[in-house]
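>>> model the structure of this input:
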Amino acid sequence: MIAAALFLAVAAPAADNPLQPLSFLVGHCWRGEFTGSGTVDTHCFEQLYGGKHIRDRHEVKNAAGKIVYAGESIYGWNGKTRRVEFAYFSSDGAISYGSMTPRDGDLDFGDEVFNGTDGKEIKISTLWRRSGNSAYDAVTRSAFMPTGQRVVTYKRVD
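Residues are numbered from 1 along each chain as shown. Got it, this is the predicted structure:
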């Protein structure tokens, strides 16, 4: 519950900084391993345009250290919808769009529709739950996953 209390302090976006719930990530890289595979996913976050947007670049490397997938998300505040939204661009050419809502101490990315280059859509639900100042759990649910759910703990690596 201590981790939830730490996260609650940044849960509601301030009027002058609606990206504040993501601020603990900015300026750092975070690495998580997909259980039992040796595959690691590293995300690095930085501010863009004086903090008006946040960039998240990530790379997925297999156990041999070869990049097998990469992508980039840009987060920003949409004044019309009154929420943080993002666009994701992947190394295989796919694009997806979604939103993030701070909820009960978590970052709820809701149901994102990932649009593959083959025209197929995959619905992915993701929740990030902060664990202190140096880690967060990403809980991802999707029918396309063999078990239907994956939890990856990302630890700060810088």
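>>> what stretches of the chain score poorly on pLDDT?
Under the criterion pLDDT under 70, the flagged ranges of the chain are 1-15, 143-149.
>>> mind listing the strands for it?
Counting by DSSP state E, the chain has strands at residues 29-33, 40-48, 53-61, 67-78, 83-90, 95-103, 106-115, 121-130, 135-141, 149-156.
>>> want to throw the ones you listed into TSV with distance to residue 19 and mean neighbour count?
All C-beta spots, glycine's among them, are computed from the backbone N, C-alpha and C. Putting the strands of the chain into TSV (distance: least, CB to CB, whole Å; neighbours: other CB atoms under 10 Å) gives the following:
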stretch	distance to residue 19	mean neighbour count
strand 29-33	17	19
strand 40-48	9	17
strand 53-61	6	17
strand 67-78	6	16
strand 83-90	6	17
strand 95-103	9	17
strand 106-115	11	17
strand 121-130	14	16
strand 135-141	16	17
strand 149-156	19	15
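>>> out of the ones you listed, nearest to residue 21?
Comparison of those against residue 21 by CB to CB identifies strand 95-103 as nearest, at 4.3 Å.
>>> what strands line up against that closest one, and which way round?
Strand 95-103 has the following strand partners under DSSP bridges: strand 83-90 (antiparallel), strand 106-115 (antiparallel).
>>> let me know the angle separating the shortest one from strand 67-78.
Here strand 83-90 runs at an angle of 160 degrees relative to strand 67-78 (axes from the mean of the first three to the mean of the last three CA atoms, to 10 degrees).
>>> what's strand 83-90 in contact with?
Taking CB atoms under 8 Å, 6 or more residues apart in numbering as the criterion, the residues outside strand 83-90 that touch it are 13, 18-19, 21-22, 69-78, 95-101, 112, 114.
>>> ok, 6 Å please
By CB atoms under 6 Å, 6 or more residues apart in numbering, the residues outside strand 83-90 that reach it are 71-75, 77-78, 95-100.
>>> check stretch 53-72 too.
Here stretch 53-72 makes contact (CB under 6 Å, 6+ apart) with 19, 22, 38-46, 48, 73-76, 88-91.
>>> having no further points to raise, I will conclude here.
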